[in-house]
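kindly return the folded structure for what I paste below:
(one chain, ligands or ions: 1)
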Amino acid sequence: MADRLRDKVALITGAGSGIGPATAVLFAQEGAKIALADLRSADLDTVEGVRVNALCPGFVFTNLTKALTDQPESRRFLEEKHPMGRLGQADEIARAALFLASDDASRS
Ligand SMILES: NC(=O)c1ccc[n+]([C@@H]2O[C@H](COP(=O)([O-])OP(=O)(O)OC[C@H]3O[C@@H](n4cnc5c(N)ncnc54)[C@H](O)[C@@H]3O)[C@@H](O)[C@H]2O)c1
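Next comes the predicted model:
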């Protein structure tokens, strides 16, 4: 386990599916304390000292996009709209979140 996020706390919303759990697992592996929130989750944690960031990905392979990506025609249409010629994977978004949470992305 790496230790880049030791002493950090992350609040991850939508943690029950898709990008959320991929991010939660990666953050936990990096030593962060994680608070998970989801409409289908009963538990909500309150944290202090939260760093706020936002990720705005293109289309990512998750349950949200499955109806589109399962159809070859709409999948091709979407792939052509992305400069890299393909859709993203949840763990790629999780890695960007990890970078933003780490001291590598800190101004302080
Ligand atoms: N998958 C993509 O291509 C893509 C692209 C850009 C942005 N996004 C955004 O990223 C986020 C996650 O997408 P995903 O593909 O992992 O979706 P997903 O459907 O796989 O998972 C979303 C999770 O969020 C939970 N949720 C919904 N509303 C909530 C609320 N108000 N409070 C707490 N939890 C809530 C759902 O129960 C679900 O578990 C969404 O906001 C989506 O719009 C996704």
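
buried residues, stretch 74-83. List them.
75, 78 (16 or more other Cβ atoms under 10 Å). Yep, even glycine has a C-beta here, placed from its N, CA and C like the rest.

so for residue 37, what's the pLDDT?
Here the pLDDT value assigned to residue 37 is 79.

which residue packs closest to the residue in the chain positioned nearest to the ligand, ignoring adjacent ones?
Closest residue of the chain to the ligand, Cβ to the nearest ligand atom: residue 18 (2.1 Å). Spatial nearest neighbour of residue 18, excluding adjacent residues (Cβ to Cβ, 6 or more residues apart in numbering): residue 62 at 3.2 Å.

so the one you found versus residue 7, what's the distance?
30 Å (Cβ to Cβ, to the nearest Å).

after the worst-scoring helix or strand of the chain on mean pLDDT, next one along is what?
Across the helices and strands of the chain, the lowest-confidence element by mean pLDDT, DSSP states H and E is strand 33-37, at a mean of 84. Sequence-wise, the next helix or strand downstream of strand 33-37 (DSSP states H and E) is helix 66-69.

tell me the helices and strands packed up against that next one.
Judged by 3 or more Cβ pairs under 8 Å, 6 or more residues apart in numbering; DSSP states H and E, the packing partners of helix 66-69 are helix 72-81.

what is the helix it packs on packed up against?
If contacts are counted by 3+ Cβ pairs under 8 Å, 6+ apart, helix 72-81 sits against helix 66-69.

only alpha carbons, please: show the helix it packs on as PDB.
The C-alpha coordinates for helix 66-69 follow below in PDB (Å, rounded to 0.1, in the frame of the first residue of the first chain):
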ATOM      1  CA  LYS A  66     -24.000   1.000 -20.500                       C
ATOM      2  CA  ALA A  67     -27.100   1.400 -22.600                       C
ATOM      3  CA  LEU A  68     -25.200   3.600 -25.000                       C
ATOM      4  CA  THR A  69     -21.800   1.700 -25.000                       C
END
